[in-house]
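Novice: Any chance you can model this:
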Amino acid sequence: QVQLEESGGGSVQAGGSLRLSCTASRVFWFSYCMGWFRQVPGKEREGVAVIETDGTTRYADSMKGRFTISKGNGENTVYLQMDSLQPEDTAMYYCALDRWVCSVRGGFKHWGQGTQVTVSS
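Specialist: Prediction:
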């Protein structure tokens with residue numbers, strides 16, 4: 001069973017930055033997709049960005065410009081650099097992985113426990 005562990009969440013003031021990390025273990029495929037999603041209590045989960053094994057990235061339209069997804073070198077690790085954070089970015093951020101699906105609309109099979117990001121004004 002694939003395991004995903006997120007880190008890097010925390011509290012930051014508006015305009016600040018955070019970098020989230022997600023490390024996957026027990027991945028036995030050569031190619032797969034990893035992504036970041038976020039959710040606020042009472043609202044639907046929304047996609048942020050996804051990245052394929054070859055480095056191809058896709059972003060949700062509303063996330064372009066301030067969020068950057070990237071992969072670690074030779075590791076099952078993905079990062080989410082978040083800049084110019086605003087209070088509306090406050091959410092639980094989840095890492096996800098799937099062998100076949102690679103869409104910011106979701107549909108991933110494997111999910112992490114999430115890391116909380118809180119942005120104060």
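
Novice: does Gly10 really touch Gly16, like I thought?
Specialist: No. Gly10 is beyond contact range of Gly16, at 9.8 Å (criterion: CB atoms under 8 Å). No exception for glycine: its C-beta is placed from N, CA and C like everyone else's.

Novice: Other residues contacting stretch 45-57?
Specialist: Residues from elsewhere that reach stretch 45-57, judged by CB atoms under 8 Å, 6 or more residues apart in numbering: 30-39, 58-60, 63, 67-71, 78, 80, 93-94, 102-106.

Novice: Give me the subset of the residues you listed lying in strands.
Specialist: Among the contacts of stretch 45-57, DSSP state E puts 33-39, 58-59, 67-71, 78, 80, 93-94 in strands.

Novice: Can you flag the buried ones in those?
Specialist: 33-38, 58-59, 67-69, 71, 78, 80, 93-94 (16 or more other CB atoms under 10 Å).

Novice: What sits closest to the residue nearest in space to the middle of the chain if chain neighbours are left out?
Specialist: Nearest to the mean C-alpha position of the chain, by CA atoms, centre = their mean, lies Trp36 at 2.1 Å. Setting aside the residues directly before and after it, Trp36 is nearest to Val48 in space (CB to CB, 6 or more residues apart in numbering), at 4.2 Å.
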